[in-house]
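Asks: Okay, structure incoming, though there's no sequence with it:
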């Protein structure tokens with residue numbers, strides 16, 4: 001049951017990151033919440049395997065902080081890369097004959 005709650009918390013932190021940081025138009029609406037939920041689940045399970053008690057406060061703090069940081073990092077990484085890639089693709093498609101003679 002606690003795993004469900006920590007995954008939900010990671011998804012909520014992912015939603016917060018998606019809607020509070022710029023460039024949200026460059027990726028899908030479920031991507032960042034899914035990253036937050038996945039990171040929270042993996043960290044939680046890893047810490048329980050290491051013997052951290054599931055009813056302790058630190059496992060919650062570490063799992064949710066890792067999910068929040070991963071969500072923010074993914075937004076800051078994906079957004080600029082997508083904008084750059086989209087701009088390159090637009091330039092390539094806007095001039096279809098420019099790259100035909102290159103080998």
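Replies: It's in. Remember, it's a predicted structure, so these values are computed and weren't measured experimentally.
Asks: what mean pLDDT does the longest helix along the chain have?
Replies: Longest helix in the chain, counting residues (DSSP state H): helix 57-94. What helix 57-94 shows for mean pLDDT is 94.
Asks: now do stretch 22-39
Replies: 93.
Asks: gap between the two ends of that stretch?
Replies: 21 Å (CA to CA, to the nearest Å).
Asks: Residues in contact with it: which ones?
Replies: 7-8, 10-15, 17-18, 66-68, 70-71, 74-75, 78-80, 82-83, 86 (CB atoms under 8 Å, 6 or more residues apart in numbering). C-beta here means a position set from N, CA and C on the backbone, and glycine is covered the same way.
Asks: I only care about the residues you listed that end up buried; give me the ChimeraX line for that.
Replies: Entered in ChimeraX, the line below selects the buried ones among those, by 16 or more other CB atoms under 10 Å:
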select :7,10,11,12,13,14,15,17,18,66,67,68,70,71,74,75,78,79
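Asks: ok so, going back, show me what the longest helix of the chain is packed up against.
Replies: helix 2-20, helix 31-49 (3 or more CB pairs under 8 Å, 6 or more residues apart in numbering; DSSP states H and E).
Asks: Centre of the chain to the first one, how far?
Replies: This points to helix 2-20. 11 Å (CA atoms, centre = their mean, to the nearest Å).
Asks: Please consider this matter closed, and thank you.
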